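Asker: just to be clear, the model below is a prediction. Sequence and coordinates:
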Amino acid sequence: MKILSMAAGLTLLAISAAQAQFDAPVYHYQGTLEADPGTGHIAADWQIDLLAGQSGALTFVLAPSLGNIAINGDITGFETGEQGPFQSLTLHLEDGAQHIGIRYDGVLLPEPMDNDINAVTPERVELTIDSFWLPVDAGFRGFFTTDLTVDVGAPWRAVANGEVIPEPSGARIINSGPSLDIAFTLAPGFRVSGQEGYTLFDLRDHDEGTDRLIAAADFCFDYLNARFGARDPLPRASFVIHRRSESAYNRRAYITLTDISDTPDDRLTQFVCHELAHHWSAGADFMTVENWLNESFAEYTGVMALRERYGEAAFLNRMNGFRDQVAGQALPPVWVPGATDRGPYLVNYRAGPIALWHLETYLGRPAFHRFITRYMVDGIDTTPDLLAMLEEIAGHEARDWFENRLAHSGP
């Protein structure tokens, strides 16, 4: 089976694993969601606080299948339209608007999504920003806190990127940390296993691979906390093991996995350590070129963990595999001054980690360890700040060398 650290669409928000490095919240979402697992129909009712007050126009995007839209509050009017594959809701705000209400309903997914992450079915209700089941700031920079009650008509158990309070027919989810997503899974039949530092929520009807996952998670918690967790250790995590063969993601300490029955131990270790590393590697603007910091450092940390657990040969095999993947590809640079566009998968998950590998070779492991620890612990979120920190550690020549190395994406 295959584990992917990103799924199609905006599961690129592996950034939503971020913790305190996120920007301050712009909104507070309080609402209810009624989801019918039998029909796929949802009905949402939101009260959204504009925490700093706003004026002018404010646009949200929403899944195109949802309708019966009603908007109230501090507005003078609104209109719907299209924004790419989504529908847009443009609100014309009163001066200093502080509160708006948005209601809508419909069958969220008339056709299943390819990645099978979002679903409203009798087996589970799993939702993330990928399906645009909730109104999302069209600029994708409106971080928010959440108080959401989900009603599925039965006492299903929930796992989420926030505090979960059981309700008679669902759950209340409270997320006091700013995020760009409200991600959760509710199901009638989790098999739950509490471990030191984390809990496993298994949707499968068997235990294949569970012992190996526990071993990988135990290793990653110890490995990462020893290196980066002196001031800010990893929080307790929740792992949800799904039946699907592809597509996994991370939202804060809520980490979803594919069916790990056949996943090799080394890849399981790399994946779990990558996702947990986002506790620290998450502050850069994911909508820009700087997203390479979030993903490349997490990915290389995962491969470093693989090296620690399985040895140099396993590490070289993985990194040479990365090089094979980017060889001959027409890719943009990892980073150059003035760049703005977010890089593609092969840049952020392959070319960027290769550049870090080359930097480790250039500096030597002790100096590189100081470098990557400073990046993680200090919450560096722009490449110029990263280069300045590298110069502080290793000198001007090392800075110039690495800046030149980032200017191409070859192997």
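Answerer: Perfect, I can see it now. Nothing here was measured: the structure is a model prediction, and the numbers come from that model. Numbers count the residues shown, from 1 in each chain.
Asker: ok, F132 touching F86?
Answerer: Yes. Using C-beta atoms under 8 Å, F132 makes contact with F86 at a distance of 5.6 Å. No exception for glycine: its C-beta is placed from N, CA and C like everyone else's.
Asker: between the two, tell me which one has more neighbours.
Answerer: F132 (23 against 17; other C-beta atoms under 10 Å).
Asker: state the phi and psi torsions of the spatially closest residue to that one that is not a sequence neighbour.
Answerer: Sequence neighbours aside, A63 is the residue nearest to F132 in space, at 4.3 Å (criterion: C-beta to C-beta, 6 or more residues apart in numbering). Phi and psi for A63, reported as degrees, to the nearest 10, are phi -60, psi 140.
Asker: thought A63 was touching P135?
Answerer: No. Between A63 and P135 there is no contact under C-beta under 8 Å: 9.7 Å.
Asker: of the two, who's got more company?
Answerer: Neighbours of A63 and P135, each counted by other C-beta under 10 Å, are more numerous for P135; the result is 27 against 24.
Asker: now the more buried one: how far from S179?
Answerer: From P135 across to S179, the span is 14 Å (C-beta to C-beta, to the nearest Å).
Asker: equivalent analysis for Q98, please.
Answerer: Counting by C-beta to C-beta, the gap from Q98 to S179 is 21 Å.
Asker: comparing these two, which shows the higher neighbour count?
Answerer: Per other C-beta under 10 Å, whichever of Q98 and S179 has more neighbours is S179, with 26 against 15.
Asker: can I assume that one is in contact with G142?
Answerer: No. At 10.5 Å, S179 does not count as touching G142 under the criterion of C-beta under 8 Å.
Asker: can you give me the buried ones in stretch 337-348?
Answerer: 339, 342-343, 346-348 (16 or more other C-beta atoms under 10 Å).
Asker: quick one: which of those residues is nearest to R212?
Answerer: Taking C-beta to C-beta as the measure, R212 lies nearest N348 of these, at 27.3 Å.
Asker: can you name the residues that contact that closest one?
Answerer: N348 makes contact with 291-292, 294-296, 299, 342, according to C-beta atoms under 8 Å, 6 or more residues apart in numbering.
Asker: quick one: classify it as helix, strand or coil.
Answerer: Following DSSP: H, G, I helix; E, B strand; the rest coil, we place N348 in the helix state.
Asker: for it, give its distance to V272.
Answerer: 19 Å.
Asker: and for D205?
Answerer: In terms of C-beta to C-beta, D205 sits 22 Å off from V272.
Asker: can you map out the helices along the stretch 101-250 of the chain?
Answerer: 210-228 (DSSP state H, counting those that start in this stretch).
Asker: okay, now P110: neighbour count?
Answerer: For P110, the count of nearby residues is 10 (other C-beta under 10 Å).
Asker: show the contacting residues for the nearest residue to it once chain neighbours are set aside.
Answerer: With sequence-adjacent residues excluded and distances taken as C-beta to C-beta, 6+ apart, P110 is closest to S65, at 5.6 Å. By C-beta under 8 Å, 6+ apart, the residues touching S65 are 106-110.
Asker: how about a cut-off of 7 Å?
Answerer: Neighbouring residues of S65 by C-beta atoms under 7 Å, 6 or more residues apart in numbering: 106-108, 110.
Asker: a strand runs through it, doesn't it?
Answerer: No. Assigned with three-state DSSP, S65 falls outside any strand and is coil.
Asker: could I get the pLDDT score of it?
Answerer: With respect to pLDDT, S65 scores 97.
Asker: what about it, distance to W46?
Answerer: Counting by C-beta to C-beta, the gap from S65 to W46 is 17 Å.
Asker: quick one on the thing from earlier: show me the contacts of N348 that map onto helices.
Answerer: 291-292, 294-296, 299 (DSSP state H).
Asker: could I get the full set of strands for the stretch 51-200 of the chain?
Answerer: For the stretch 51-200 of the chain, applying DSSP state E, counting those that start in this stretch gives strands covering 67-73, 75-83, 86-107, 119-120, 125-127, 136-137, 144-151, 157-160, 163-167, 170-179, 184-187, 191-195, 198-202.
Asker: could those strands go into a markdown table alongside distance to A226?
Answerer: What follows is the strands of the stretch 51-200 of the chain, written out as a markdown table (distance: least, C-beta to C-beta, whole Å):
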| stretch | distance to A226 |
| --- | --- |
| strand 67-73 | 49 |
| strand 75-83 | 45 |
| strand 86-107 | 43 |
| strand 119-120 | 38 |
| strand 125-127 | 33 |
| strand 136-137 | 37 |
| strand 144-151 | 32 |
| strand 157-160 | 27 |
| strand 163-167 | 28 |
| strand 170-179 | 25 |
| strand 184-187 | 30 |
| strand 191-195 | 18 |
| strand 198-202 | 17 |
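Asker: tell me which of those lies nearest to D36.
Answerer: strand 119-120 (7.2 Å).
Asker: other residues contacting the closest one?
Answerer: Contacts of strand 119-120 with the rest of the structure, by C-beta under 7 Å, 6+ apart, involve 35, 37, 40, 42, 108-109, 126.
Asker: kindly recompute the last result at 6 Å.
Answerer: Applying C-beta atoms under 6 Å, 6 or more residues apart in numbering, the external contacts of strand 119-120 come out as 35, 40, 108, 126.
Asker: what mean pLDDT does the helix or strand where V272 lies have?
Answerer: Following DSSP states H and E, one finds V272 within helix 265-277. Helix 265-277 shows a mean pLDDT of 96.
Asker: just want the angle from it to helix 210-228.
Answerer: Using axes from the mean of the first three to the mean of the last three C-alpha atoms, to 10 degrees, the direction of helix 265-277 lies 50 degrees away from that of helix 210-228.
Asker: packing partners of helix 265-277?
Answerer: Here helix 265-277 touches helix 210-228, helix 291-310, going by 3 or more C-beta pairs under 6 Å, 6 or more residues apart in numbering; DSSP states H and E.
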